[in-house]
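Undergrad: what follows is a predicted protein model with its sequence.
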Amino acid sequence: QVQLVESGGGLVQPGSSLTLSCAASGSEAGNYGMAWYRQPPGKRREFVAAISRASSSLYADSAKGRFTISRDNAKNTVYLQMDSLKPEDTAVYSCNLGTYAGTLYISRDYWGQGTQVTVSS
């Protein structure tokens with residue numbers, strides 16, 4: 001059974017940086033693409049970034065140029081480096097295992113519990 005555990009959230013000021021981590025466990029975890037989603041207060045969950053096992057990546061327009069997704073296959077861990085954070089980045093960030101298919105990421109029903117990121121002065 002796959003389990004995902006996120007860490008690294010917190011309260012930061014606008015313009016700051018933060019790195020999120022998500023560790024995946026389970027025998028099948030290493031076979032999947034990995035992604036980050038976020039759910040801002042009062043809004044639906046939205047895609048942020050995804051990465052394949054070979055470290056190809058996809059980004060939402062809101063993340064391009066500010067966020068960087070990476071992974072360590074040996075540790076089954078995905079990271080999200082977030083720079084130049086804005087108040088509108090405030091959300092619960094969750095990681096996901098799914099299928100990375102070139103220009104498309106298809107999420108599967110493997111989710112972590114989420115970690116809160118709050119950007120405020």
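TA: Received, thanks.
Undergrad: burial count for residue 38?
TA: Neighbour count for residue 38, taken as other Cβ atoms under 10 Å: 24. C-beta: built from backbone N, CA, C; applies to glycine.
Undergrad: packing partners of the helix or strand it falls within?
TA: Assessed by DSSP states H and E, residue 38 sits inside strand 33-39. Strand 33-39 sits against strand 18-25, strand 46-51, strand 67-72, strand 77-82, strand 91-101, strand 104-111, with contacts defined as 3 or more Cβ pairs under 8 Å, 6 or more residues apart in numbering; DSSP states H and E.
Undergrad: looking at stretch 91-107 now, give me its mean pLDDT.
TA: Averaged across stretch 91-107, the pLDDT comes to 93.
Undergrad: pull out the buried positions in it.
TA: The neighbour-count check on stretch 91-107 (16 or more other Cβ atoms under 10 Å) flags 91, 92, 93, 94, 95, 96, 97, 98, 100, 105, 107 as buried.
Undergrad: now do stretch 24-38
TA: For stretch 24-38, the neighbour count (16+ other Cβ under 10 Å) marks 24, 29, 32, 33, 34, 35, 36, 37, 38 as buried.
Undergrad: for residue 1, which non-adjacent residue is closest in space?
TA: Of all residues not flanking residue 1 in the chain, residue 26 sits nearest, at 5.5 Å (Cβ to Cβ, 6 or more residues apart in numbering).
Undergrad: so that neighbour sits against residue 2, correct?
TA: Yes: counting by Cβ atoms under 8 Å, residue 26 touches residue 2, with 3.8 Å between them.
Undergrad: who does the spatially most central residue of the chain form a beta bridge with?
TA: Residue closest to the mean C-alpha point of the chain, counted by Cα atoms, centre = their mean, is residue 36 at 2.3 Å. Bridge pairing for residue 36 (DSSP bridges) gives the partners residue 49, residue 95.
Undergrad: that one and residue 48 touch, don't they?
TA: Yes: using Cβ under 8 Å, residue 36 is in contact with residue 48, at 4.3 Å.
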